[in-house]
Every structure is written in C-alpha cells, then in structure tokens.
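J.: Please work out how this folds:
(chains A and B)
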Amino acid sequence: MAVADLPSAELAVLSRRRPRSAGPVLAGAFLALLAVAMIAPELLAPGSPDATSTADILRPPSADHLFGTDQNGRDIYRRIVYGARDSVFVGLAATALALVAGVLVGAFAALAGRAADSAAMRLVEVLLAVPGMVTALLVAAALGPGSGTVVLAIAVIGVPPYARIVRGQILRLRGSGFVEAAVAQGLGPVRVAWRHMIPNALPPVLLLGTIGTGAAIGASAALSFLGLGPRPPDPQWGAMLQQGQDYFAVAWWTATVPGVVLTLTVLSVTTVGQYLQRRFEGRVPG
Amino acid sequence: MSAVLTVRDLTVSFDSGRRRVDAVRGVSFALEAGRCLAIVGESGSGKSVTARALLGLAGDGSTVRASTMELDGTDLTRLRPRQWQRLRGRVIGLIPQAALVALDPLRTVGREVAEPLRLHRTVPASGVGDRVIGLLGAAGVPAPDVRVRQRPGELSGGLRQRVLIASAIACDPRVVIADEPTTALDVTVQAQILELLAGLRRTGTAMLLISHDLAVVARLADEVVVMRGGRVVERGPTRRVLGTPEHEYTRMLLDAVPGAGRPPPLPDAAARPVVLRAEGLVKTYRLPGRDGSLRAVDDVSLTLRAGETLGVVGESGSGKSTLARLVTAMTAPDAGRVELLGGRWHDLGERERRGRRREIQTVYQDPLSSFDPRHTVGRILRHALEAAGDRSRTVGDLLELVGLDPELSRRHPSRLSGGQQQRVAIARAVAVRPRVVVCDEPVSALDVSVAAQVLRLLTDLQREHGLAYLFISHHLGVIREMSHRVLVMKDGRVVESGATDEVLDAPRHPYTASLLASLPALPPREPSTGGVRSAQPLSTS
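T.: The predicted structure is shown next:
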C-alpha cells in the first residue's frame, strides 16, 4: 500500500510506530565514502596530499580549499581523504584482530578447564592492570614504527574486554537449555562450542567491537602523534588533530575538521554496527 | 442492585504498522458489588486485553472503544492519563499474574503495599505503617510485622502473591481485577489463595477474574463469560455454563481439562524389559551464602519398563527436576546408581556416555529455551538427524510425525505457538530414536486444548515406538491421564508409589491426600452434553 493511500490519522500512527530512521542510511553512505577514500583517494581528491604552498598557509575553508589549509599550506581536504587509509584501516584491522583473539582466549578460558581458565584470565588481568597506552607503547617500541606496529599494539590492548565478555557469555550459555539439549543428543564439547556457544556469545562482542573501532582509531591517532605510526608527512587524522591544536586559536579548522571527521567515522561505524546487529539477530525480541 | 462496573460493546484494536488486529470485539458485561465475574479463554482470546482496557493500560498502539464503560459512576471512555492514575489503585485494583516477577526485588514488601496508600492519601501518613501491617495480616501473611521489612527474594511464591493482593486492596477499591492470580502456584498454595480471594468478595469488593483455569473459575465466580478470538461465545451463571455448556467451544474447553482419560493398558507389564533403573539416588546441593545444604533428591529408586509411563508428581521444590537431571546423567548423584537399558550409566566416563546419550532424551517445560535462538526449525531437526546418523528420514518426515506442516522448517521457533514449539521439541527428541524420554512438565505452559493434543501425540508416539516415559508433572490430572504407575515426591523423597489409580483414588500418605484435597473441582456435567466424567477434573495451574 502506498503511503498516499492512507488517511492521515493512520499515517501518523504508522510513522509513530515504525520510525524509519535515516541514521543507518546516512552512516552507511559516509562509510562508503570512506571506503572509496581508502581504496582510491585520487578519485575524491586529485593531487598530492603532501604538496605545500607557502602562499596558502592557514587559509580558512573556501572554494579552493574546501576544509582550508594547514600550517604548511597543505590542503586539509586532500589530507583527510588520503589519511583515511591509515586512520580508519588501522582501527578496523586492530579491532578485528583483537576481536578474533579475544573470542579465542575467552572461549578457551571458559571451556578448557579450571587451570586453563586461571592462566588465561590472569594474563588478561595483567593486561588490564597496566594502562592500555603504556602496553601499546611497549609493544610499538619493541617492534619499531609503522602501520603494522600500530595495528598490533592496539590489538593487544583490545583483547581483554572481548575475552572477558566471551568467557562470561559462554559460562552463562553452558547452563542453557539448548546447550543441554545438544549434549543430550551426544554432541562432543568442541561441536557444542562451535555450533551453539560461540555464535550465541558473539552479539555483545560485535557491538562492543563497533564501539571499540572508534577507540582504536583514536588510539592509532595517539600512537601516530608519538611518532610510532606512519612517518610524517604521511597524512593521519590523529596526527593532524594533534598538530592542529597548536594553531587552533588562529585557525579553528585545522583541528576541528579532523576532529569532526573522526567523530563522524566512529559514529557511523557504531550506527551501522547496531543496525546490522538488529537486522541479523536470530531471535526477534518480544 | 446497581452495577459498579458496566461495559458495553468494548472493542480494543492494535495497530502494528502494517495491519490492524482486533483483540476484543464487542464485549459487554456488568459487575455488581460483592460478585465475581470470570472471563475465561485461552491465549489470544482477548481476556487479558479486556482487563487491561478497564485499567486504561491496553498498551501502545491500541484503540479502545465502547458505547459504555463506567466504573462507580465515572465514565472511563473519556479519561485523560492523569484521571486514570487517580482511579487505578483507589477505585480499581489489579492483582497481577506471575507473582514471581511482579514485585520490585529491591523494595521491601512494606513499601510495595504502602505505595497506593501514599499515592492516593486514603489514610493519613502517620497511619500508613499500621495499615500496611493490617493489610498484610488480612492477606494471610504470617508475622506481618517481620515480613514488612523483607524483600520479595526472601518470600515464597505464595507469600508474594499475598503481598500483591494486599497491595491491590490497600485503598479498598470497589473492583479488583485478578489476572490469573494462582497461575504458577502449587496446588496447596493455590487453594489458600483462592480461599483468600473468596473472603475478599464477602467484604463487598467486586471481582473480575481472568483465568484459563475452569476449576479456579468454578471455585470463585458467580458468572462466567467465555471468550474466544476477542468475542464472547457464551455467558451465564457459573454452574450453568460449566454444568450444561451450550457453545461447542465451552464444551471443548471442559473436555480438554486433563484427568478424564487413562493411558492405554500395558499388557504383560512384568515381562517387559527394564529400560531405566535407579536405586537409592541422593543429590545434595550446597545452599549459597549459608552453611546449610539441601537434599534435593533423597534415596529415590525407580524402575521403568519399555512402553511404560511412570509419573512423578510433586510440588515445586520436591526434587522432580533434579531427579530428571540425575537419570539423564546431566548431573552426578552423590549416592545411588542409575542403569540405562540394563547397562552402566551414571558411572560411565563422559566420552563413553556420549555415544549412548541418544537412548534417553528430554522434553522440557519451556521448549523455546531448549532451542538455539539462532537456528531455524529445519536446522534444529537436521542436527538431531545428523546426531543419530539417520539418513532414512528427512526434516519433513519428522515434522509430519508430530503433526506439523513441513513448511514450518524455515521458521525460527520463536515464531511458532507454544504448542508448535513443544511438537518440534518432541520431534527432536524422537529423531534420535531414544528408548526413554523424560518429559519434564511438557504441557504446563500450554493452553488446555493444546495440552490435550500434545498429550495425545505423546501417547501415539509411545504406542508406535514403544517409548518409555518418565513423566514429571505437578498436575495430578495430567499424571492420571498419562501414567501407568506414579511416584509422589515431597522434599526430595518418594512418599508414595504404586499404580496410578490406586494411589490417586485411595491415597495412603497424608501428603497425597492433601494434594488431592487442594484441587478445585469442576461442577458435575450433565451426562447429555458431554461424556460421562468418571474422574475428578483438575486444574492446569
């Protein structure tokens, strides 16, 4: 039935009952744009992101420079587009890595017996006890600067929450009716875990992952600022944000633009993540 | 006498976006002070929605219409939310269903009961404390001055229901709506609560009873309205409606009340092989936070032969479910032994036992929680067939075996009705060709007519496949209908056992006798309208 066919009263009811929010669509569009920027930045922003121009230092946003220019006269729009790869990809890769490792550690701790549980969980607690950034710095210092280092360092500090959630979920699921039913049919522990426990333990972890991606992008920015990420002048949002702070009083756009883009990215990842979770949840609530 | 509550042509519809559902279609009734009117029906009949509409709580997206809806002189059809708030709790009270979840776990009982008093200021603030203790006492809560400081977690189900009743009557409402007030309570507790509600009526309160349980209705109501699909199909004085029902749906409801049927006879029972034997089973659980421990199962022995049904009856906490977990080797006994098909069972290593687990299966009370929420019906049954290594049957065959449309295999169990879910659970259990099936309250969550069908299915499957059932239920009617022999359990012990009819017709143990005496009974049916009902019909609580 077309919307126009409905009397206005019913239409009001419809729109109140089923809010068709534009959020996921906008977020998805933004992420698609980011994907293009990561794969083929030249399509969105022709020219080199590192080209300086002494005549155009700290220009405000204009038709020539959409987001203005920085202290070296570089076009901020171009640097944002080219910076997407390092900034976003690093966050995604680190989160994915942390998630997989966390699920494995958590499932192992919950299922492999008491000794394995203590060992795995003490390790996780040690990681939690030391501030994440310190651990990341140690890992990064040991491995030397570069994008790979940043991914690994952030993944390591991301593992504990995932591992603990998965462990808790699996312990909870172990007492559930459907796991018992599977055991009653003669299924072995590995198949029960693989078929019933891990898939059902995942939803909260995936949700946390979408939030964690944002944090990971932020952390990668911090590591880059400390010189452990890609080497300057390669563009990176975090580094841009940090540098922009120095000029914020005279040129607000230098820090604002990377900050807003970073925020939008985190927001979009979270929104799309939540949307996907609702969409693919096995049991519909209610 | 004039009515305190008059409803004429009540219609409640829900807009769920794409379609409109009429949950209640043109219901009328009147209720006088001191009288009790029961609305009876199965799930989806609209009985609860009717009750909610009278409280102005029909829910989101609902439209309530009526030509008359009048409570104690107030026109309910044009009330604003604030005016509703002034009525609720003061003029019309609700005794909600599910006493176990209807109380806030963090608030003391006293605060719960005091809330309507403070809200409506029917007594001065200084008198609230005394009034609360008085109300709890009136609701039959022992030692109310102590209980008033306790939280719901410290109370039994029966006491919680009494607290809810005290809260509902705190402001002396003209009308009390009791929505399945005894569902989920043990029969002996149910009998006490029904007594309390009957006393409440004598004080002049009008009661609207919502129930699926005809025996409870027979105990309390003066008049009955039978609803189906949102419409009233029959109404009249309780005795007449339940004694000489005119509508076929009412007759069907009465016929479905379990207790009249008997299991098919078991020829040469003694010659049949013993498939399950338990001797001297003991299981003790440590109580959390205290030094004490609980003997959930205490020296229980049983034998079960092929094709036989052994009933286990008892109230909550009697150890029935722990017994089920012991014989299925989901938990290890502290003492005693279990043999399955004449071989070792409880003391096998898990690796060895895994290969034999298929021989004993369980059908649970809540089938939904026994299904992986991410799996479809087809996937659940396919896994069962894989577990049995059975290539001769398909998912469709299994669904047909339990009387379901093979089309359902693509659905998630959460999208099925309760009866369909239980059929899927039964299909999964028989898919692995077990010899013993433990049925743990398999029909307790189902409507009577659906329960009757599921019981029939279990009986058919038993005959065709020679299954042995260990049939656990709190419901004596269901036990009578299904079991050849019965064990009566109390506090972990078997207090009485024997052939079902002997135990239930001539109980030797006082506990069995008190269980039987606690059951509300239906009035006798006229022989011309239904079959001869030899047994005392029982409630499904």
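
J.: all contacts plus neighbour counts: C-alpha atoms, from now on.
T.: Noted.

J.: any idea of the pLDDT on the residue lying closest to B:Val363 once chain neighbours are set aside?
T.: Nearest residue to B:Val363 in three dimensions, chain neighbours excluded: B:Cys439, at 4.8 Å (Cα to Cα, 6 or more residues apart in numbering or on different chains). B:Cys439 is assigned a predicted lDDT (pLDDT) of 96.

J.: is it true that B:Arg374 lies in a strand?
T.: No: B:Arg374 is assigned coil when assessed by DSSP: H, G, I helix; E, B strand; the rest coil, not a strand.

J.: on that earlier part again, sticking with the residue nearest to B:Val363, tell me its helix or strand.
T.: strand B:436-440 (DSSP states H and E).

J.: Repeat that for B:Thr362.
T.: strand B:360-363.

J.: Pull out the buried positions in the very next helix or strand once past that strand.
T.: Going down the chain from strand B:360-363, the next helix or strand is helix B:377-388, by DSSP H and E. Residues of helix B:377-388 classed as buried by neighbour count (16 or more other Cα atoms under 10 Å in any protein chain shown): B:Val377, B:Gly378, B:Arg379, B:Ile380, B:Leu381, B:Arg382, B:His383, B:Ala384, B:Leu385, B:Ala387, B:Ala388.

J.: Output the below-cut-off pLDDT ranges for the chain.
T.: Let's take chain A. A:1-20, A:230-233, A:277, A:279-286 (pLDDT under 70).

J.: actually it's chain B I care about, not the one you picked
T.: Along chain B, segments meeting pLDDT under 70 span B:1, B:17, B:98-100, B:288-291, B:526-541.

J.: Now do the strands in the stretch 351-500 of chain B.
T.: All strands of the stretch 351-500 of chain B, identified by DSSP state E, counting those that start in this stretch, fall at B:360-363, B:436-440, B:468-473, B:485-490, B:493-499.

J.: actually the stretch 201-350 of chain B, not the one I wrote
T.: With DSSP E, counting those that start in this stretch applied, the stretch 201-350 of chain B shows strands at B:206-211, B:223-228, B:231-237, B:274-286, B:293-305, B:309-313, B:335-340, B:343-344, listed in chain order.

J.: Quick one: closest of those to A:Leu206.
T.: strand B:274-286 (36.8 Å; Cα to Cα).

J.: Any idea how far the closest one is from the middle of the chain?
T.: With Cα atoms, centre = their mean, to the nearest Å as the basis, strand B:274-286 stands 27 Å off its chain's centre.

J.: follow-up on the earlier one: tell me which of the strands of the stretch 201-350 of chain B lies nearest to chain A.
T.: With respect to chain A, and counting by Cα to the nearest Cα, the nearest of these is strand B:335-340 at 14.0 Å.

J.: so what strands line up beside that closest one?
T.: Paired neighbours of strand B:335-340 in the sheet (DSSP bridges): strand B:274-286 (antiparallel), strand B:343-344 (antiparallel).

J.: Adding mean neighbour count, write those out as TSV.
T.: Shown next, in TSV, are the strands paired with strand B:335-340 (neighbours: other Cα atoms under 10 Å in any protein chain shown):
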stretch	mean neighbour count
strand B:274-286	19
strand B:343-344	12
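
J.: mind putting these in CSV, distance to A:Ala184 included?
T.: Shown next, in CSV, are the strands paired with strand B:335-340 (distance: least, Cα to Cα, whole Å):
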stretch, distance to A:Ala184
strand B:274-286, 16
strand B:343-344, 17
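
J.: How about the residues of the stretch 101-250 of chain A by chain B?
T.: With Cα under 8 Å from any Cα of the partner chain as the criterion, the stretch 101-250 of chain A comes near chain B at residues A:176-181, A:183-188, A:196, A:200.

J.: Out of the residues you listed, list just those in strands.
T.: Counting by DSSP state E, those place none of their members in strands.

J.: That's all I had, so thanks and see you.
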